[in-house]
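Student: model this:
(one chain, ligands or ions: 2)
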Amino acid sequence: MAVRVGILGATGAVGQRLIQLLEPHPDFDIAALTASESSAGKSYREAAKWRADSPIPANVADITVGPTEPDAVPSDVDLLFSSLPSSVGAAVEPDFCEAGYVVSSNSSNARMAEDVPLVIPEVNADHIDLLEVQRDDRGWDGALVKNPNCSTITFVPTLAALAEFGLEKVHVATLQAVSGAGYDGVTSMEIIDNAIPHIGSEEEKLETESKKLLGEFDGASLQQNDVAVAASCNRIPTIDGHLENVWLEAADELTPEDAAKALEAYPSVDLPSSPDPLIHVFEDLERPQPRLDRNLGGGMAVSVGGIRESTFGLQYNCLAHNTIRGAAGASVLNGELLLENGYL
Ligand SMILES: NC(=O)C1=CN([C@@H]2O[C@H](COP(=O)(O)OP(=O)(O)OC[C@H]3O[C@@H](n4cnc5c(N)ncnc54)[C@H](OP(=O)(O)O)[C@@H]3O)[C@@H](O)[C@H]2O)C=CC1
Ligand SMILES: N[C@@H](CC(=O)OP(=O)(O)O)C(=O)O
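Tutor: Ligands and ions are numbered 1, 2, ... in the order given. Model (predicted):
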């Protein structure tokens, strides 16, 4: 029987992507939608400014949006996907966990908390069991799991694939799509004919979240990876798809040929939203490109190209769809992992 799920922040850009991904999902049934007080009490059709590239699913359009409070969500809902602004997530997600709900959250609050698993299932599925520590620490019947920032999700799987060569230093420069800032985030006057070489807090997220994701969990605590990561984040006028330039210094010899083999061989996981292959490797130096390659693997794949030797070790470019692999799809995949591991 399908698991009944809810979406916190269902009317937003990521909430709409979640609805697109969850409506046809084999294991999940959308049973509750929440948003701010100004949307509560309206039908989803009325409350959401629907801007996704497929119609609102008929069975979702007539659901009444509730306020984002534990009492407003039916108790037979087992899993909540959270796409709230991070300040709201910080305030309310713990209340839902305390009330017994399992929350798979895309919001950035608490990603670096010691007892909160930050998970990309293809990279560190075993970190999910940090939830046992979390439940002991906090006395929750529910649980809180996070997916990382969209730019972090794009380059960390490539590092995981190359980890066998010994990760020492990584420099990453991003070219991020405007959808990452939300529908009202960057005005057309700011971004057309332009590039903005700063995205608030983004560099720090890439530098810190990557070490947690690549860390070791021994069943009791998590030891972060000591790879040095330096990031530079830029906004460019693409709609979806974050492209990143990576320079990697490895401890062992790492030729472009070895890197391509390791990236291509890196496995996906046996969960419905994990694409096979996970990583597409292009020989064409002009790929990957956001418009051409962001939808590979249903928007859940990572693509890599331009692999070459450089003054600073191995150099390559990577790309992923920021609102699917980088946000809604990442939360859904973590929901699948929670189900697979008996947390629901
Ligand atoms: N856009 C993207 O590509 C990405 C976004 N994220 C993160 O995901 C989260 C959501 O982003 P996005 O969908 O773009 O944001 P939006 O602003 O589009 O949506 C926010 C959602 O939260 C609800 N909300 C806002 N304030 C409150 C409140 N006080 N109480 C309850 N609900 C509230 C909104 O409801 P209402 O409609 O009623 O206002 C809406 O449903 C953010 O944390 C963002 O940083 C992460 C990666 C990518
Ligand atoms: N800051 C990201 C999107 C985002 O909301 O990230 P986070 O989930 O870390 O808040 C971008 O601009 O593309």
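
Student: C-alpha only now, for contacts and for neighbours.
Tutor: Fine.

Student: helices and strands of this structure: which one has the lowest mean pLDDT?
Tutor: Lowest by mean pLDDT, DSSP states H and E among the helices and strands of the chain is helix 58-61, with a mean of 95.

Student: What about the residue nearest to Arg17 when sequence neighbours are not counted? Give its phi and psi, please.
Tutor: Nearest residue to Arg17 in three dimensions, chain neighbours excluded: Ala328, at 5.9 Å (Cα to Cα, 6 or more residues apart in numbering). Dihedral pair for Ala328: phi -60, psi -50, per degrees, to the nearest 10.

Student: Ala328 and Leu337: what is the separation?
Tutor: According to Cα to Cα, to the nearest Å, Ala328 and Leu337 sit 14 Å apart.

Student: more neighbours, those two?
Tutor: Ranked by neighbour count (other Cα atoms under 10 Å), Ala328 and Leu337 place Ala328 first, with 29 against 23.

Student: my read: the more buried one touches Gly15, true?
Tutor: Yes - judged on Cα atoms under 8 Å, Ala328 makes contact with Gly15 at a distance of 7.4 Å.

Student: Which residue does the stretch 151-300 of the chain have closest to ligand 2?
Tutor: Nearest residue of the stretch 151-300 of the chain to ligand 2 (Cα to the nearest ligand atom) works out as Gly180 at 3.2 Å.

Student: do the stretch 1-150 of the chain as well
Tutor: Counting by Cα to the nearest ligand atom, the stretch 1-150 of the chain gets nearest ligand 2 through Asn149, at 3.9 Å.

Student: can you tell me which residues contact that residue?
Tutor: Counting by Cα atoms under 8 Å, 6 or more residues apart in numbering, Asn149 makes contact with Asn106, Ser108, Lys205, Leu206, Glu209, Gly326, Ala327.

Student: Got the domain ranges for the chain?
Tutor: Domains of the chain are assigned by automatic domain parsing as 3-149+327-340, 152-321.

Student: where along the stretch 201-344 of the chain do the helices fall?
Tutor: 202-213, 256-265, 290-293, 329-340 (DSSP state H, counting those that start in this stretch).

Student: And the first one, what's buried?
Tutor: Of the residues in helix 202-213, Glu202, Glu203, Lys205, Leu206, Glu207, Thr208, Glu209, Ser210, Lys211, Lys212, Leu213 count as buried by neighbour count, 16 or more other Cα atoms under 10 Å.

Student: which outside residues touch that helix?
Tutor: Residues from elsewhere that reach helix 202-213, judged by Cα under 8 Å, 6+ apart: 111-112, 118-120, 123-124, 148-149, 151-152, 156, 222-233.

Student: residues in contact with Gln289?
Tutor: Leu243, Leu319.

Student: separation between it and Leu314?
Tutor: 20 Å.

Student: Enumerate the residues of the stretch 1-150 of the chain near ligand 2.
Tutor: Within reach of ligand 2 by Cα under 6 Å from any ligand atom, the stretch 1-150 of the chain has these residues: Asn106, Ser107, Ser108, Asn149, Cys150.

Student: and the helices of the stretch 201-344 of the chain as JSON lines, adding mean pLDDT?
Tutor: Shown next, in JSON lines, are these (pLDDT from 0 to 100):
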{"stretch": "helix 202-213", "mean pLDDT": "98"}
{"stretch": "helix 256-265", "mean pLDDT": "98"}
{"stretch": "helix 290-293", "mean pLDDT": "98"}
{"stretch": "helix 329-340", "mean pLDDT": "98"}
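
Student: Good, wrapping up.
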